[in-house]
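Asks: Structure for this input, please:
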Amino acid sequence: MKDLFVGAMPFSDKHRAMVRIRAPLFNPITVRAAVRLLPTSTVYSLYEMANGGDVLDHVMLVFTCAYFALIYGTSLDAFRPSYVRDTKSLFALLGATFSPDCSIADIFPALEYVPGVSWMLKGRAAALLSPLISGTKGRVEEALRIPSWKAVQAVRAKPPPDTTTDEFCISLMELEAVPAAMSLTMCGIMKRSLEQPDAMAKVRAGLDRQVGPGRLPTQDDIPHLPYFNAFIQETIRLGNLTPLSLPRAPVHDDEHIGYRIPKDPLVFAFQHGLNTDETIFKNPMVFDPSRWIDYPTLPKPALFGFGKRACPGKAFVADTIALTMARMLWGYDFKFRKDAQVHKFVDNLTFHIDSTENVEYACKSDAHWALIEQAHKDADVELSASLEEVRALF
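Replies: A predicted model of the protein is given here:
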């Protein structure tokens, strides 16, 4: 898969060109823009939760709605549930490309020289990618036909030279997996919260003190919720959805502290090991959010990889996950459904993610629902205003 995905592509002129396509979508301006859209998309999701369904779909709705509004200019009234299904399918298929049968040639490069094997493996990868590229291409074409402003318009206006339409769509397609990754991270936090009732009681108490029942939490509340923020950090530390990180490949032979590292084979960073290093974290396997308050200089949990190959969506996470989690905990009560079966949403070399069918929820009260309903009525107007503010940022 090294020749297909920007995240796994060797450093080269082609890699630099592909990175330039999406660079404007992950600069500080775009991060601020996404944060401005988030309050509206969270309201949309809170309102849709009244219809029931898998909590993962509703969490994914938050991030997909904000992403599609920013990148493709999609309004709330035009937003289709199929976009969430497409995003889930995209992440699952991207995850499948890192399964042994698709990545084995990257792990064992000599297989590329075995007659027929390279052709078979690349054909399998292409079969996975073809419908994904087609879907992204359709969204780009639809977005460019709409007269309103959207970020893809600004990016598409100045494509790097010698970049094909498919390459442009592949670069955007990888970014469409960002909402899914953020959603799965947040659902992991939510499931951990149900396994830690004492810690969760402290989180809710902090929300009640800071926000109360008379309004929705805002971004301004997050810095004033120290235990809530510590809870998120501790959950990410022990519940990393990518324990091995995404793979890298050395571009030349090297040596590090006496270990020979040959060119080409994939290298994985053991993020779970870093997050449970007993020389850094006291009693590392114990769930203890207070450690982040008592020792504020602790290194942030390894979650997104490192260096130039770090996940491009990491800049979105701190603000977006915190506000979404705060609003959902403010408006709804969650618990495990005892009779539900849990399966692996993705389970391969890189990702180990449980599904969320065993989580059920209900709105806290009629008063909470009345506030959610009123906020939903104002959502389209607020989204349009936010997009105009975002346009000015660009």
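
Asks: what ranges do the strands span in the chain?
Replies: Using DSSP state E, the strands found in the chain span residues 254-256, 259-261, 332-336, 344-347, 352-354, 359-363.

Asks: And those strands, which one averages the lowest pLDDT?
Replies: If the strands of the chain are sorted by mean pLDDT, strand 344-347 sits at the bottom with a mean of 50.

Asks: distance of Arg337 from Val62?
Replies: The spacing between Arg337 and Val62, counted by CB to CB, to the nearest Å, is 22 Å. C-beta: built from backbone N, CA, C; applies to glycine.

Asks: Of those two, which one has the most company?
Replies: Val62 (28 against 12; other CB atoms under 10 Å).

Asks: Give the full set of residues in contact with Asp166.
Replies: Contacts for Asp166 (CB atoms under 8 Å, 6 or more residues apart in numbering) come out as Ile133, Lys137.

Asks: cutoff 7 Å now
Replies: Residues near Asp166 by CB atoms under 7 Å, 6 or more residues apart in numbering: Ile133.

Asks: list the contacts for Pro217?
Replies: Taking CB under 7 Å, 6+ apart, we find Pro217 in contact with Leu207, Val211, Leu323, Ala326, Arg327, Trp330.

Asks: Recalculate using a threshold of 8 Å.
Replies: Here Pro217 is in contact with Leu207, Gln210, Val211, Leu323, Ala326, Arg327, Trp330 (CB under 8 Å, 6+ apart).

Asks: Check the gap between it and Lys202 for me.
Replies: 16 Å.

Asks: Could I get the pLDDT score of Phe26?
Replies: So Phe26 comes in at 63 (pLDDT).

Asks: what comes up buried for the top helix by length along the chain?
Replies: Longest helix in the chain by number of residues (criterion: DSSP state H): helix 165-195. Within helix 165-195, the residues that qualify as buried are 167-193, counting by 16 or more other CB atoms under 10 Å.

Asks: Give the residue spans of the stretch 251-394 of the chain that score low on pLDDT.
Replies: 305, 307-319, 339-355, 380-394 (pLDDT under 70).

Asks: Neighbours of Ile257, how many?
Replies: So Ile257, with other CB under 10 Å, has 4 neighbours.

Asks: One more: Tyr361?
Replies: Counted with other CB under 10 Å, Tyr361 comes out at 18.

Asks: for the one 3 residues further on, same thing?
Replies: For Lys364, the neighbour count with other CB under 10 Å is 14.

Asks: Identify the residues contacting the closest residue to it other than its chain neighbours.
Replies: Nearest residue to Lys364, sequence neighbours excluded (CB to CB, 6 or more residues apart in numbering): Asp333, at 5.8 Å. Neighbouring residues of Asp333 by CB under 8 Å, 6+ apart: Tyr361, Ala362, Lys364.

Asks: Roughly how far does the first one sit from Leu238?
Replies: Relative to Leu238, Tyr361 is positioned 23 Å away (CB to CB).

Asks: Then Arg16?
Replies: Applying CB to CB to Arg16 and Leu238 gives a distance of 37 Å.

Asks: Please say which of those two ends up with more neighbours.
Replies: Of the pair Arg16 and Leu238, Leu238 is the one with more neighbours under other CB under 10 Å, namely 18 against 11.

Asks: so the more buried one touches Lys191, yeah?
Replies: No. With contact defined as CB atoms under 8 Å, Leu238 does not count as touching Lys191 (11.7 Å).

Asks: ok so, going back, filter the contacts of Pro217 down to the ones in helices?
Replies: Leu207, Gln210, Leu323, Ala326, Arg327, Trp330.
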